[in-house]
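*Asks:* Please find the sequence and the predicted model below.
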Amino acid sequence: MSQAPILAGNNRDAGVVEEICGYLTEVPPRSYFLFAGAGSGKTRTLVEVLRRMTGVVGHEKGAQVARRLRMHGRSIRVVTYTKNAVAVIKSRLGDNDLVGVSTIHAFCWELISGFNDDIRAALIAIKEAQLEKETAEALAKPRGITAAKQRDLDEIKDDILAFRTTDVFLYHPDRETYGPGALAHQHVLNATAWLLRNRPTLQIILKDRHPIVLIDESQDTMKGMLDALIELSSPAGSGLTLGLLGDHRQRIYQDGHIDLPSLVPAKWATPELQMNHRSQARIVTLINKIWGAKLEGRTQPANGVEQQHRSEKIGGVVRIFVGDTSCSSDDKVLGENWCAEQMLKASGMVAWGQNEYQMLALEHKLVATRGSFLDVYSAMVLLDPNAAAPTGSGENKGPAAVQFLFNELAQLDACIDADGVADEFKATEVFRRFGRLEKMPENLQERASRTGEMLKAIESFASIRANPSATIEHVLEPVLRANLFEVDQRLGVAHADKSPPPPAPGRGEEESKHDRMRRGWCALFACPWSQLQKYSKYLSGNSLLATHQVVKGSEFLHVMVVMDDKLAGSNQISYDKIFGGTELGKTDIENFGKGKETTIDRTLRLLYVTCSRAQESLALVLWSSDPAAALAKIKTSGWFVDGEFEAIQFGTN
């Protein structure tokens, strides 16, 4: 079919909706990959296509598709990344029985739920492959299979045995509470991908239910799942038509393909959205330069559409400030405040003087340090590294074993006033909410005794938590002793265990899961109680400072990006290498020589993601190991003009 007409100005993407409708109504339908950059109106385009394909908006061929779908009881399936995105698409689409919208996890579970024998076979096959791989890798090392590694291998074997004896599987991340039949998000994705490849019946079910599947944020969709769907959609006319929407420049999770455009089959259509409706011209120019940069150590091709700003958005303010990463955390906070003052002067936008801007950070550890809850965060990482931090999908609620701290205990804590006095009426409502009043004795004397015990425990809880030096262990003591709430058995056992924590593993040493978790419990109980509320606020996504993962898909009027490799706690990312404060490492050079993804590739994408969140003004704050070298490279990079970069100063106005 013919391509959309070439348009100009703000309407240059006006023909893309009709172009995509053409692909989906061809005989046979044609799969496509829509390249949709930051702020390009991807969701609007998706919704408009769906409205035409389901007869909501007049479209001759779309109406024919809608009739066929309804006749056979089928629907178009839209898979997106977050629950918020699901809500946005549904609200814009309205009541439409021909479209189902869900997250990737919900989509997968809907496909495989109830097929317990198949799920069991998939999980066992996946675990056996993992066992074989990890055993071979361990045997290839000079030390062979260490005691710690053997414990990990034994855990995999235990998982296999548990799966073999499990009759029914359910979708829930807490296996400790719900048993081996409880499947976490990754289990569900892996099992579905395996089954789509190995079970023809599931392939038929998918095609019969959803002959058209549209996947948003496809650059971050798990490789195995995406590969399985692409295979099923080939050749055209196989019964499944795929529409992938995304921007490989904004990939932030390792689960996705390194270079999605190169994966797209040659016969697929590749429509593009060229506009950036979100940002002012200066910001659009910067992100175009970032992606097009020819940097040493970069292996990922700079492919993708150069974005165009809206004709009325000709302004925008961009600045980069560079400081010394050896400064203390307190000084860095002062320095970032100084940067905000400079942004106020440069832009005249009062938001910079009133803390009404969004701060974005590289890593959760940096946010935890700035937010003064590093101890709690570090302990949570030991307990469950996959649930310790918030995610863009909104799925993480913290490690399952400690969610009592964020639910029951947090609500009891809210019953204590500023003077440390408990509101008994509010506390009673909390106990009622969590079903604790149903556990009260029937006998009046015993009931009165139990009531007195609970009131005494609440008073003790209120008194201890008011002490600035109180630890989580101290605060938990009266709550657990009086059995105020039903808590996870793991928390109760760990709190009762007063043995010292195992030593942390040395460099290059392996650690068993049991030892890691014991260290996590000990670290958590030793944390200041005051940090827990700050961590809880961050976990819910409500803190001032957020990471690039959490704000995936979001936009803000004013953004400050804080880049501090020293506090990031990761060697996978380095802003200092991008800006010249640090040279490429040996691994970077080796990976570059092999054509593998490098630190430069990963960091460049994250820089693109964070910068492209800004609508009106953008401040980049780099804490560098060599500020002078970084400033020198920034000056010659072509990304910034004179007056847009300077060293961070302290104690000056």
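*Replies:* Yep, it's here. Since the structure is predicted, the reported quantities are computational estimates derived from the model, not experimental observations.
*Asks:* Low-confidence stretches in the stretch 401-550 of the chain?
*Replies:* For the stretch 401-550 of the chain, applying pLDDT under 70 flags the ranges 508, 541-550.
*Asks:* just so I have it, where are all the helices in it?
*Replies:* 403-406, 408-413, 424-433, 444-465, 472-481, 489-496, 513-526, 529-539 (DSSP state H, counting those that start in this stretch).
*Asks:* Tell me which of the ones you listed sits nearest to residue 358.
*Replies:* Comparison of the helices of the stretch 401-550 of the chain against residue 358 by CB to CB identifies helix 529-539 as nearest, at 13.9 Å. Where you see a C-beta, it was placed from the backbone N, CA and C, and this is true even at glycine.
*Asks:* any idea how far the residue nearest to residue 456 when sequence neighbours are not counted is from residue 649?
*Replies:* Spatial nearest neighbour of residue 456, chain neighbours left out: residue 482 (7.4 Å); criterion: CB to CB, 6 or more residues apart in numbering. Distance check for residue 482 against residue 649: by CB to CB, to the nearest Å, it reads 55 Å.
*Asks:* ok, these two, which is more surrounded?
*Replies:* Each of residue 482 and residue 649 has its neighbours counted (other CB atoms under 10 Å); residue 482 has more, 17 against 13.
*Asks:* and the more buried one, what is it in contact with?
*Replies:* When contacts are counted by CB atoms under 8 Å, 6 or more residues apart in numbering, residue 482 touches 453, 454, 456, 457.
*Asks:* now residue 203
*Replies:* 196, 232.
*Asks:* distance of it from residue 197?
*Replies:* Residue 203 is 9 Å from residue 197, where distance means CB to CB.
*Asks:* Quick check: longest strand in this structure by residues?
*Replies:* Using DSSP state E, we find that the single longest strand of the chain is strand 614-624.
*Asks:* Beyond it, next helix or strand please.
*Replies:* Counting by DSSP states H and E, the next helix or strand C-terminal to strand 614-624 is helix 627-636.
*Asks:* And the helix or strand following that next one, what does it pack against?
*Replies:* The first helix or strand that comes after helix 627-636 along the chain, using DSSP H and E, is strand 645-647. Counting contacts by 3 or more CB pairs under 8 Å, 6 or more residues apart in numbering; DSSP states H and E, strand 645-647 packs against strand 317-324, helix 627-636.
*Asks:* quick one: the first one to chain centroid distance?
*Replies:* Between the mean C-alpha location of strand 317-324 and the chain-wide mean there is a distance of 27 Å, by CA atoms, centre = their mean, to the nearest Å.
*Asks:* Mind checking the pLDDT average for that strand?
*Replies:* The pLDDT scores in strand 317-324 average 96.
*Asks:* how about whichever helix or strand comes after that strand: buried residues?
*Replies:* Next along the chain after strand 317-324, taking DSSP H and E as the criterion, comes helix 329-347. By neighbour count on 16 or more other CB atoms under 10 Å, the buried set for helix 329-347 is 332, 335, 336, 338, 339, 340, 342, 343, 344, 346, 347.
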